[in-house]
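A.B. asks: have a look; sequence and predicted model below, questions after that.
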Amino acid sequence: MEKEKRCIAMVPSPGLSHLIPLVEFAKQLVSQHPNFHIHFLIPTLGPPTPSTKAVLNTLPPTIHATVLPEVNFQDLPHNTEPATKMKLIVQHSIPFLHQALQSLSSNSHLVALVFSIFSTDAHDVAKQFNLLSYVFYASGAVPLSFNLSLPKLDEGVSTELWLDSIPIVHVPGCSKPFHVRDLPTPLLGKRSSETYKLYIDVCQKFSLVDGLIVNTFNELEPNVIRALQEREFQSGPCVYPIGPIIQTKSSSEANGSICMAWLENQSPNCVLYVSFGSGGTLSHEQVTELAFGLELSGHKFLWVVRAPSNYGASAYFSGQNEDPLEYLPNGFLERTKDQGLVVPSWAPQVEVLGHGSVGGFLSHCGWSSTLESVVNGVPMIAWPLFAEQRMNAITLTDELKVAVRPVVDESGLITRDEIAKVVKRVMEEDEGLELRKRMKEFSCRAAAALSEHGSSRKALSSLANDIEKHFSGM
Ligand code: UDP
């Protein structure tokens, strides 16, 4: 391995949606700052999936990857919160990480460790090796700003549930407070739960690292980024808004040709794309309402369907073996064969959103999906399910005004009539045109941020310079 180049080790949280943005970030870093090379150290619960292998196969020669030995724990309930599961996988992988860093530091000039949010246990290891430590925050500035405030806020809560102490929370940089029910999922349960404690532990680490690399851009979230930078002046970690970092090509070719061929035959801006991320699921009743709602709207749709589950993140780690099409209402596929295309489990999302016939995106508001929509100028229907997605949905509807949000009824369901109504609002009404116009503006600003003198390029250069400066004096 090359001695003269600086080596940065990167530790993604388990799961494709953490690996992908970190890989894309690494590619940008080495292409713009060739004095670095990067080595991925990947914690995992099982052998790498074909999708993980496909992502790793896209790495250029200056980026290497080692999948750490699999960790093993059988006793987790199947509906354990994804964040908790990820944090535990990383925790169990720390001895392997230690060994891998030992070997890397003897072969290269190792300078820094960059890790995703649920890999913050890597921070202590970084310090043992005298490395700079950075969180790569794959979501936006709003949940980051909240997470940084969380340990202090938690000290002010005296009851088991937040709701019994404080119904609303002010997030630095946001114009309106958030209701407690819209906070990240781990905070909705009991404060004595393992999930809650692990989440607080993650957030406490955020203040200890040397820097926070955030997948957003100044022109998208200026006020919150300013608030984060004010914190930096009060000796908080440096903040580097380097986004939007999105995939340039979908990680899997599943259903690729069928989706793209179908889109080719549609008119511009006329298709609603419907997808709930890499693992989001709906209840059976909700799948039925969504099917009827799409049909009722009369609009063209491309729907990525998953088998139903009462737990919103159930396909996140494991994928699904059932045929999701079997759960659709009787006759639905036949009745809508000229109106929509339904594909099981996966579509090449970045290619789909980049196609001119897609005019709207009904999304669970995962941050990568959100940024992919922003980059392609596609207005959204915000249908959050879990994690920090409710905060993202509020940012999209209330702050950025690029999305509408369907109303959930008293039984927790979004009815077919409500779905048809929001689809029409986005796809045919003046309101939809306005949302699209605003989204296109953000799309232009995103391109500008990433261009040669753009804000995100500058932030990436500051990060590279800060690492260089730190080590040049040693
Ligand atoms: N994705 C995809 N096809 C699908 C579903 C998801 O390519 O059918 C990709 C999507 O483009 C995005 C990622 O998977 O890059 C999902 O990340 P996001 O943060 O939106 O949601 P999460 O999977 O973390 O819930």
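C.D. replies: Good, I have the coordinates.
A.B. asks: and for whichever residue of the stretch 251-400 of the chain sits closest to the ligand, nearest residue in space, chain neighbours not counted?
C.D. replies: Going by Cβ to the nearest ligand atom, the ligand is nearest to Gly366 of the stretch 251-400 of the chain, at 2.2 Å. All C-beta spots, glycine's among them, are computed from the backbone N, C-alpha and C. Once flanking residues are discounted, Gly366 sits nearest to Gly277: 4.1 Å by Cβ to Cβ, 6 or more residues apart in numbering.
A.B. asks: mind checking the SS state of that neighbour?
C.D. replies: Per DSSP: H, G, I helix; E, B strand; the rest coil, the local secondary structure of Gly277 is coil.
A.B. asks: show me the contacts for it.
C.D. replies: Contact analysis of Gly277 by Cβ atoms under 8 Å, 6 or more residues apart in numbering lists 17, 363-364, 366, 368-369.
A.B. asks: do the same with Glu326
C.D. replies: Ala307.
A.B. asks: the helix or strand bottoming out on mean pLDDT in the chain vs the ligand: in contact?
C.D. replies: Least confident helix or strand of the chain, by mean pLDDT, DSSP states H and E, is helix 50-56 with a mean of 88. No: applying Cβ under 6 Å from any ligand atom, one finds helix 50-56 separated from the ligand by no less than 9.2 Å.
A.B. asks: quick one: buried residues of that helix?
C.D. replies: Neighbour counts over helix 50-56 (16 or more other Cβ atoms under 10 Å) mark 51-52, 54-56 as buried.
A.B. asks: Glu155: neighbour count?
C.D. replies: 8 (other Cβ atoms under 10 Å).
A.B. asks: and the one 10 residues further on, by the same measure?
C.D. replies: By the criterion of other Cβ under 10 Å, Ser165 has 14 neighbours.
A.B. asks: isn't it up against Thr159?
C.D. replies: Yes: under the criterion of Cβ atoms under 8 Å, Ser165 makes contact with Thr159 at 4.7 Å.
A.B. asks: how about the residue nearest to Phe25 when sequence neighbours are not counted, secondary structure?
C.D. replies: In space, and not counting its chain neighbours, Phe25 is closest to Ile245: 5.1 Å by Cβ to Cβ, 6+ apart. What three-state DSSP gives for Ile245 is coil.
A.B. asks: contacting residues for Ile245?
C.D. replies: 21, 24-25, 28, 215, 371.
A.B. asks: what separation do you get for it and the ligand?
C.D. replies: 10 Å (Cβ to the nearest ligand atom, to the nearest Å).
A.B. asks: now do the residue nearest to Gly366 against Leu460, distance only.
C.D. replies: Distance, Gly277 to Leu460, using Cβ to Cβ, to the nearest Å: 26 Å.
A.B. asks: and the gap between the residue in the stretch 1-150 of the chain positioned nearest to the ligand and Ile117?
C.D. replies: The stretch 1-150 of the chain approaches the ligand most closely through Ser17 (3.2 Å), counting by Cβ to the nearest ligand atom. Note on Ser17: its distance to Ile117, by Cβ to Cβ, is 12 Å.
A.B. asks: overlap in contacts, these two.
C.D. replies: Ala138.
A.B. asks: what about those two, which has more around it?
C.D. replies: Neighbour totals were compared for Ser17 and Ile117, and Ile117 leads with 25 against 21 (other Cβ under 10 Å).
A.B. asks: pLDDT value on that one, please?
C.D. replies: Per-residue confidence (pLDDT) for Ile117: 92.
A.B. asks: what's the distance between it and Val374?
C.D. replies: Counting by Cβ to Cβ, the gap from Ile117 to Val374 is 21 Å.
A.B. asks: enumerate every residue touching Thr216.
C.D. replies: 140-141, 225, 241, 243-244, 371.
A.B. asks: show me this structure divided up by domain.
C.D. replies: Listed by automatic domain parsing, the domain ranges of the chain are 6-243+451-472, 256-447.
A.B. asks: tell me how far the ends of the shortest one are from each other?
C.D. replies: For domain 256-447, the first-to-last residue distance is 26 Å (Cα to Cα, to the nearest Å).
A.B. asks: same thing with stretch 60-71?
C.D. replies: 28 Å.
A.B. asks: most widely separated two among the contacts of Ile245?
C.D. replies: For the contacts of Ile245, the farthest-apart pair by Cβ to Cβ is Gln28 and Leu371; their separation is 13.7 Å.
A.B. asks: look at the two and report which has more neighbours.
C.D. replies: Leu371 (25 against 16).
A.B. asks: report the secondary structure state of that one.
C.D. replies: Relying on three-state DSSP, one would call Leu371 helix.
A.B. asks: name the nearest residue to the most centrally placed residue in the chain, sequence neighbours excluded.
C.D. replies: The residue lying closest to the centre of the chain (Cα atoms, centre = their mean) is Trp367, at 3.8 Å. Of all residues not flanking Trp367 in the chain, Ser139 sits nearest, at 4.1 Å (Cβ to Cβ, 6+ apart).
A.B. asks: follow-up on the earlier one: next, find the distance separating the residue nearest to Phe25 from Ala449.
C.D. replies: Taken as Cβ to Cβ, the span from Ile245 to Ala449 is 11 Å.
A.B. asks: ditto for Glu160
C.D. replies: Counting by Cβ to Cβ - Glu160 and Ala449 are separated by 43 Å.
A.B. asks: how about Glu388, what does it touch?
C.D. replies: 139, 143, 184, 367.
A.B. asks: what's the most distant pair in those?
C.D. replies: Farthest pair in the contacts of Glu388, by Cβ to Cβ: Pro184 and Trp367, 12.0 Å.
A.B. asks: and stretch 213-227, how far apart are its ends?
C.D. replies: 15 Å.
A.B. asks: does any part of that stretch sit near the ligand?
C.D. replies: No: counting by Cβ under 6 Å from any ligand atom, the ligand has no neighbours in stretch 213-227; the shortest distance is 9.6 Å.
A.B. asks: now that stretch: mean pLDDT?
C.D. replies: Mean predicted lDDT for stretch 213-227 stands at 97.
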